[in-house]
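Asker: Compute the structure for the input listed below.
(2 chains)
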Protein chains: 2
Amino acid sequence: MLSKNRIKQINALQQKKFRNETQTFVAEGHKVVMELLRSPMKVREIFATGEWIADNAKKFHGVTITEASDMEIKKISAMQTACNVVAEVEMKPEKNFKLNANTLYLALDSVRDPGNFGTIIRIANWFGISTILASDDCVDLYNSKVIQASMGSAFRVDVHYCKLPETLDYAKEIGLPVYGTFLDGDNIFTTKLSNKGVIVLGNEGHGILPETEKQITKRILIPCGTSADKAPESLNVATATSIVCSEFFRQSTFNS
Amino acid sequence: MLSKNRIKQINALQQKKFRNETQTFVAEGHKVVMELLRSPMKVREIFATGEWIADNAKKFHGVTITEASDMEIKKISAMQTACNVVAEVEMKPEKNFKLNANTLYLALDSVRDPGNFGTIIRIANWFGISTILASDDCVDLYNSKVIQASMGSAFRVDVHYCKLPETLDYAKEIGLPVYGTFLDGDNIFTTKLSNKGVIVLGNEGHGILPETEKQITKRILIPCGTSADKAPESLNVATATSIVCSEFFRQSTFNS
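Answerer: So this is what the prediction gives:
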């Protein structure tokens, strides 16, 4: 049973301001909540139906679990289709971040759609990229749609918000190549890609912004297999990320 | 100005039943409507704000264009955020479909999410795959969210709904390899992939269904760059499609 006040508190976590004040966020749905188990995240409280509790409560040793009716879950959930469990989770502690000259990073320039952002985090996680640099105007990591789309990868990948042009400028100083996708770039399939550097992906509508573009040292392109008059103008940013990350991974791991 | 009756008719096109009865569907938003211009699709009527009409009406020579208020557009739109133009469009005429032994096809087994389906059509279009085989229980091509996510590619790629296991059985008969992604498959980056065949992608939650799996002749795998305990369990179906199509394209076009 949830008090009106508690429902209000949980709902407030849909806003970044309240997430930052309390340093907590909401993760929902069975799959995502189970992913918390194999992560270092600290779960503050779980709200779930009696059925979910009977099946799963034992796995969350030491966590406060509160039974809630379907109606109460619906009230605290941000998902369109009903789920049976909602967790209140502590944000990861801020790390002192420093770029490393031997690492491959992904950088996102003004990616606004939470579904895209979450999907990109999942892709980075799959291909072993453990840190994402995000411009300050990207969507918030703890937005519940980001958490949802990342399917647990948001708990495993570090997302570092920053002034992206400045961070890329520093990346160049320490010798990292800065890749960006452009229509006049070099074909990724015939270009030697480095196993360290920064891969920059741009905004959904506008691509890489001019201030960021100035920092790009290697312009790359995903070639198209259709003649221009019959091809889509572009690829979705999550699609482009998956293809580019996949090719970096292939060249570094299987291209002997 | 739209009559109540016309608003009702347009809204009815959100349902597959009425789309099939009238052989029409709805395409909305400026980008998607402009894509109709460079497609063979027949536009029956356009409903748009005065501003949109002033800027764009000339390009749609011979099409009935009806001015509508923001409020009226909102009433006939299925999009969450407001758009300024909605088009009523005729479905493509059904083609007599026959599998060709020299072609690369994409096949979708029970893909239900319209965003995924539309994104996959866009990916196929990008990599030059001109026909998608879709199991009968896939989401409908003319669902407005599919049209939206495909960003015009739904007008250029043929989607053929079928009993997928039977169609794959015939594909094998005419000598086409049938690829499917599985956790025990061969690494796509180290396996020679054919430039003809069928690439099967599975349902969002359940992957490739058992009846379809029986028809697979080549089990393939997208390798993961992270140790299993720190990796996502799987990739989203649209992400997997982009990586697999990209690698088929790379091998057939740039792997000399």
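
Asker: quick check: domain ranges of chain A?
Answerer: Domains of chain A are assigned by automatic domain parsing as A:4-90, A:104-254.

Asker: winner for burial among those domains?
Answerer: Each of those was scored by mean neighbour count; the highest is domain A:104-254, a mean of 20, by mean count of other Cβ atoms under 10 Å in any protein chain shown. The way it works is simple: take the backbone N, C-alpha and C, and place the C-beta from them, glycine included.

Asker: That domain and chain B, are they touching?
Answerer: Yes: using Cβ under 8 Å from any Cβ of the partner chain, we find that domain A:104-254 touches chain B at A:115, A:119, A:122-123, A:125-129, A:151-153, A:156, A:187, A:189-190, A:222-226, A:229-233, A:235-236, A:238-239, A:242-243, A:246-247, A:249-250, A:253-254.

Asker: Out of those, which sit inside helices?
Answerer: Cross-referencing the residues of domain A:104-254 next to chain B against helices under DSSP state H gives A:115, A:119, A:122-123, A:125-126, A:238-239, A:242-243, A:246-247, A:249-250, A:253-254.

Asker: Quick check, A:I123 in contact with B:L235.
Answerer: Yes: counting by Cβ atoms under 8 Å, A:I123 touches B:L235, with 7.2 Å between them.

Asker: what is in contact with the two at once?
Answerer: Counting by Cβ atoms under 8 Å, 6 or more residues apart in numbering or on different chains, the shared contacts of A:I123 and B:L235 are A:S242.

Asker: Next up, the contacts around the closest residue to A:I120 other than its chain neighbours.
Answerer: The shortest distance from A:I120 to any non-neighbouring residue, by Cβ to Cβ, 6 or more residues apart in numbering or on different chains, is to A:T241 (4.9 Å). A:T241 makes contact with A:L106, A:T119, A:I120, A:I123, A:A124, A:L201, according to Cβ under 8 Å, 6+ apart.

Asker: list the contacts for the closest residue to A:D186 other than its chain neighbours?
Answerer: Spatial nearest neighbour of A:D186, chain neighbours left out: A:I220 (5.6 Å); criterion: Cβ to Cβ, 6+ apart. The contact partners of A:I220, by Cβ under 8 Å, 6+ apart, come to A:Y179, A:G180, A:T181, A:F182, A:G185, A:D186, A:N187, A:I188, A:T191, A:L193, A:V244.

Asker: ok, those vs chain B, which is closest?
Answerer: Using Cβ to the nearest Cβ, A:N187 comes nearest to chain B of those, at 7.3 Å.

Asker: For that closest one, which residues count as its bridge partners?
Answerer: Assessed by DSSP bridges, A:N187 has beta-bridge partners A:L221.

Asker: didn't it look like it was pressed against B:T253?
Answerer: No: if you go by Cβ under 8 Å, A:N187 and B:T253 don't touch, sitting 9.6 Å apart.

Asker: Identify the contacts common to these two.
Answerer: Here A:N187 and B:T253 have A:P223 as joint contacts, going by Cβ under 8 Å, 6+ apart.

Asker: Next, give phi and psi for A:V200.
Answerer: For A:V200, the backbone dihedrals (degrees, to the nearest 10) come out as phi -100, psi 130.

Asker: And the pLDDT at it?
Answerer: On the pLDDT scale, A:V200 is placed at 98.

Asker: now do A:D70
Answerer: For A:D70, the model assigns a pLDDT of 93.

Asker: Please apply the same query to A:N96.
Answerer: Listed pLDDT for A:N96 reads 86.

Asker: again with A:A82
Answerer: Looking at A:A82, its pLDDT reads 75.

Asker: cool, A:G205 as well?
Answerer: Looking at A:G205, its pLDDT is 88.

Asker: Enumerate every residue touching it.
Answerer: A:G205 touches nothing, counting by Cβ under 8 Å, 6+ apart.

Asker: Going by proximity to chain B, name the top residue of the stretch 151-256 of chain A.
Answerer: At 3.1 Å from chain B, A:G225 is the closest residue in the stretch 151-256 of chain A, using Cβ to the nearest Cβ.

Asker: I figured A:Q14 hits A:E28, correct?
Answerer: No: the pair A:Q14 / A:E28 is not scored as a contact, 11.1 Å apart, by Cβ under 8 Å.

Asker: which residues do those two both contact?
Answerer: Shared contacts of A:Q14 and A:E28 (Cβ under 8 Å, 6+ apart): A:A78, A:S144.

Asker: and the most centrally placed residue in chain A, what pLDDT?
Answerer: Geometric centre of chain A, nearest residue: A:I121, 3.4 Å, by Cα atoms, centre = their mean. A:I121 carries a pLDDT value of 98.

Asker: Leaving out sequence neighbours, find the closest residue to it.
Answerer: In space, and not counting its chain neighbours, A:I121 is closest to A:S150: 4.2 Å by Cβ to Cβ, 6+ apart.

Asker: I'd say that neighbour and A:T119 touch.
Answerer: Yes: assessed by Cβ under 8 Å, A:S150 is found in contact with A:T119 at 7.4 Å.

Asker: Which residue comes closest to the residue in the stretch 51-200 of chain A that chain B sits nearest to once chain neighbours are left out?
Answerer: Proximity of the stretch 51-200 of chain A to chain B (Cβ to the nearest Cβ) peaks at A:G128, 3.1 Å away. Counting by Cβ to Cβ, 6+ apart, A:G128 lies nearest to B:G225, which is 3.1 Å off, once chain neighbours are set aside.

Asker: what pLDDT does that neighbour get?
Answerer: Confidence at B:G225, expressed as pLDDT, is 95.

Asker: For A:V244, see how far away it is.
Answerer: 14 Å (Cβ to Cβ, to the nearest Å).

Asker: Also A:P40?
Answerer: From A:P40 across to A:V244, the span is 28 Å (Cβ to Cβ).

Asker: Likewise for A:I208?
Answerer: When A:I208 is compared with A:V244 (using Cβ to Cβ), they lie 13 Å apart.

Asker: Tell me where the stretch 51-200 of chain A has strands.
Answerer: For the stretch 51-200 of chain A, strands defined by DSSP state E, counting those that start in this stretch occupy the ranges A:64-67, A:85-90, A:104-108, A:131-135, A:158-162, A:178-187, A:197-201.

Asker: among these, which is nearest B:N96?
Answerer: Ranking these by proximity to B:N96 (Cβ to Cβ) places strand A:178-187 first, at 37.3 Å.

Asker: Quick check: mean pLDDT of the closest one?
Answerer: For strand A:178-187, the per-residue pLDDT averages 95.

Asker: Kindly report the same for stretch A:150-161.
Answerer: Mean pLDDT, stretch A:150-161: 96.

Asker: With only the CA atoms kept, save that stretch in PDB.
Answerer: Taking C-alpha atoms only, stretch A:150-161 is exported to PDB below (Å, rounded to 0.1, in the frame of the first residue of the first chain):
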ATOM      1  CA  SER A 150      19.000   0.600 -22.600                       C
ATOM      2  CA  MET A 151      17.700  -2.700 -21.100                       C
ATOM      3  CA  GLY A 152      20.100  -2.500 -18.200                       C
ATOM      4  CA  SER A 153      23.100  -1.200 -20.100                       C
ATOM      5  CA  ALA A 154      22.700   2.200 -18.500                       C
ATOM      6  CA  PHE A 155      23.800   0.500 -15.200                       C
ATOM      7  CA  ARG A 156      27.000  -0.800 -16.800                       C
ATOM      8  CA  VAL A 157      28.200   2.000 -19.100                       C
ATOM      9  CA  ASP A 158      29.500   5.300 -17.800                       C
ATOM     10  CA  VAL A 159      27.900   8.400 -19.300                       C
ATOM     11  CA  HIS A 160      30.000  11.500 -18.800                       C
ATOM     12  CA  TYR A 161      28.200  14.800 -19.600                       C
END
